[in-house]
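# kindly return the folded structure for what I paste below:
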Amino acid sequence: MDQKVLLIYNPVSGTKSFATHLDQFINFMQVAGYEVHPIRTRNKEDFESVFCRKDFKEYSAVFVAGGDGSVNMAVNQILKNHIEIPLGIIPAGTVNDISYNLGIPQDIMGAIKSVLNMRYETFDVGVANGEHFMNSCGAGLFIDVAHTTERDLKNMMGRVAYYIKGISELPNFKPMKTRIETRDRVIEEDLVLFLVINGRSVGGFRNLALEASMQDGMLDFLGIKSCQLNELSLIFAQILMGNYKNNKHIIYFKSDNIKISCTGNYCRNITDLDGEQGPSLPLEISMIKGGIKIIVPDINQED
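Next up, the predicted model:
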């Protein structure tokens, strides 16, 4: 057994259940011919420490067991340190949009079995002011909520926790005067929310961007214009069903390069990258096409 894989796992992600599957992961990998080096992490500093001190040339792959935030931190470190081996993802977080978009089973044992073949493909990576994201970048309503909702509530209720808290803030929320620039358009609009999306599912809402793909080299922009409270409630209902593109209060387009700035006095400077706090506005967002190797299930794999 001369092949090795590195496993980075977050014991407090989601329902904190991956630790109970750790031995099973190691066993399945050993049977497949891989020696597992597990490392326990809890925050960004831990991730940075792992990638600074490890020589990744000795590994066939690096696996991350955690939520979208853990995957985001791993992706940033892999690209920052020019690591060429593929990334494997075991969804063990609250929402797990990235793994869902990649077709990885959402139960931990199913995910473990799906990555044993080590088959990988290349996927696009978004870049916002130099920081990488796999799935989404956004600001406005619900974005602040992701960073102010208590961890225990998020772990217990998942996406419902964001939705409930976001709805409670609607009456007091002020829109942002926003300028959006691409190669072929300039849009100035009061927005309550914008998302730049690389994958179909965002915030656990599986139908949010049905046309988005992590392999088409494009980003999907979704913006919600300022409107009456009753109209906003209808818009969110349409968004949850993926049936919103003909709504007059929705801005939707595709581009591989987008600049976003706030031109008014009321700016939501908290942004989100894959569930982690991102850079402040203004944003310059671009794509690295096929920027990372990720292990994916075999299309002929049986359960």
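# drop to CA atoms for contacts and neighbour counts, all remaining ones
OK.
# tell me which helix or strand in this structure has the weakest average pLDDT.
helix 151-157 (a mean of 47; mean pLDDT, DSSP states H and E).
# count the neighbours of the residue lying closest to residue 114 once chain neighbours are set aside for me.
Excluding the flanking residues, the one nearest residue 114 by C-alpha to C-alpha, 6 or more residues apart in numbering is residue 297, at 4.8 Å. Neighbours of residue 297 under the rule other C-alpha atoms under 10 Å: 22.
# what sits against residue 297?
103-104, 114-115, 117, 119 (C-alpha atoms under 8 Å, 6 or more residues apart in numbering).
# wait, is it part of a strand?
No: Residue 297: not assigned to a strand; according to DSSP: H, G, I helix; E, B strand; the rest coil it is coil.
# now it: how far from residue 121?
Taking C-alpha to C-alpha, to the nearest Å as the measure, residue 297 falls 10 Å from residue 121.
# point out where the stretch 201-303 of the chain drops to low pLDDT.
Within the stretch 201-303 of the chain, the stretches with pLDDT under 70 are 268, 300-303.
# helices along that one, start to end?
Taking DSSP state H, counting those that start in this stretch as the test, the helices found in the stretch 201-303 of the chain are 229-241.
# now swap in the stretch 1-150 of the chain and tell me
Using DSSP H, counting those that start in this stretch, helices in the stretch 1-150 of the chain cover 22-31, 44-53, 68-80, 97-101, 108-114, 143-148.
# what helices or strands is the first one leaning on?
Helices and strands touching helix 22-31, by 3 or more C-alpha pairs under 8 Å, 6 or more residues apart in numbering; DSSP states H and E, are strand 34-40, helix 108-114.
# then the second one?
Other helices and strands packing on helix 44-53, by 3+ C-alpha pairs under 8 Å, 6+ apart, are helix 68-80.
# what is the burial count for the closest residue to residue 245 other than its chain neighbours?
Nearest residue to residue 245, sequence neighbours excluded (C-alpha to C-alpha, 6+ apart): residue 252, at 6.8 Å. Residue 252: 18 surrounding residues under other C-alpha under 10 Å.
# surely residue 252 meets residue 223?
Yes: applying C-alpha atoms under 8 Å, one finds residue 252 in contact with residue 223, separated by 6.6 Å.
# how much space between residue 49 and residue 43?
Taken as C-alpha to C-alpha, the span from residue 49 to residue 43 is 10 Å.
# circling back to that earlier point, so which of the helices and strands packed on helix 22-31 comes closest to residue 143?
Closest to residue 143 of the helices and strands packed on helix 22-31 is helix 108-114 (C-alpha to C-alpha; 27.2 Å).
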